[in-house]
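>>> here you go, sequence then predicted model.
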Amino acid sequence: MVLENIITHLELLRFSRIEAQVYVTLVKHSKLNGSQIAKVLNLSRSSVYSALHSLYNRGIVFLLPGESNVYKAQDPDILLETLKNEYIQATNELKDELSRFKFVEVEKEYWNIRGYQNFLLKTKELLLQAELEVYMNTCFDLRIFAEELEKLAKRGVRVIVFTLAAEIDPEGLPVEFYRKFWPDTQCDHQRMMLVVDFKKALIAGSYHGSEVMGTFTENPLLVAIVSEHIHLDVYLLKLQEKYHDPEFFNGILLNSQLERR
């Protein structure tokens, strides 16, 4: 088993299997000719001599002077130190050379998700990555994320939630919760806008029972837009509460397609 392990490691160092066997045999027996090595290994002489020729050209074995075709192995300590230095030099040079070709990412990718389970898994994954703050605008039941929210609370992560949904119950959940009922408007669709640490964003939703579809990204522009959207929702709610005006929102509407949908 030890011998097989040595052979395997030598193969990782650009030895063929026969070359590795020949080298180890010479290390064990000090000096041998090709026929003797072939006999020890039970290999054909042609394959052994081919391996010896390759090893000799690479300075891994030596021909002893004055003796016909008798070989001796390079000292293992010297050989391995030489190979180590060669590999270190080669990898350092490759690192420098390949860095010149490395693609520089100009913009962050957008990734689509489809299906409720995929949405659920991705949302939970993003929540658990949070270290500082989470912003959320959602009509999904918060309790499906209760376990993740509890873990965030234990880590001291601040979670800000805004919703239009009357049915969402935040009781017992460690979140800053804001709810606004728009006049004559119901949350007739499921939505999730999520920002994690002002670095990652997810937008997903389902209208009138359709399949949940969405996008997540680390693109700074979209992260900023979603963050601003959620903040403005909370700002408007606080303005209405500050001025105690139930018609506050009616007074700022634009009569747009969005509002009439």
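Everything's here; your move.

>>> how about the helices in the protein?
According to DSSP state H, the chain carries its helices in the segments 2-12, 17-29, 34-41, 45-57, 76-99, 116-128, 146-154, 220-243, 257-260.

>>> closest one to Arg179 among those?
helix 220-243 (8.0 Å; C-beta to C-beta). Every C-beta, even on glycine, is put in place using the N, C-alpha and C of the backbone.

>>> same question for that closest one, mean pLDDT?
Helix 220-243 comes out with an average pLDDT of 91.

>>> same deal with stretch 27-37?
Per-residue scores along stretch 27-37 average to 91.

>>> so what touches that stretch?
The contact list for stretch 27-37 (C-beta atoms under 8 Å, 6 or more residues apart in numbering) reads 22, 25-26, 40, 43, 45, 48-49, 52, 64, 67-73, 76.

>>> which among these end up buried?
22, 25-26, 40, 43, 48-49, 52, 71-73 (16 or more other C-beta atoms under 10 Å).

>>> and of the residues you listed, the nearest to Ile225?
The closest of the buried ones among the contacts of stretch 27-37, once distances to Ile225 are taken by C-beta to C-beta, is Val22, at 66.4 Å.

>>> who's in contact with that closest one?
Contacts for Val22 (C-beta under 8 Å, 6+ apart) come out as 37, 41, 48, 51-52, 55, 61.

>>> returning to that earlier point: which one of the buried ones among the contacts of stretch 27-37 sits closest to Thr215?
Of all the buried ones among the contacts of stretch 27-37, Thr215 sits closest to Val22, with 59.1 Å by C-beta to C-beta.

>>> so how far is Ala73 from that closest one?
Taking C-beta to C-beta, to the nearest Å as the measure, Val22 falls 9 Å from Ala73.

>>> so for those two, which residues contact both of them?
Joint contacts of Val22 and Ala73 (C-beta under 8 Å, 6+ apart) are Val61.

>>> mind checking how far Tyr23 is from Val226?
Taken as C-beta to C-beta, the span from Tyr23 to Val226 is 62 Å.

>>> which one's more surrounded, these two?
Tyr23 (25 against 21; other C-beta atoms under 10 Å).

>>> any idea of the pLDDT on Lys180?
With respect to pLDDT, Lys180 scores 81.

>>> would you map out the domains in this structure?
As assigned by automatic domain parsing, the chain contains the domains 2-73, 110-260.

>>> closest to Lys102 out of those?
domain 110-260 (18.8 Å).
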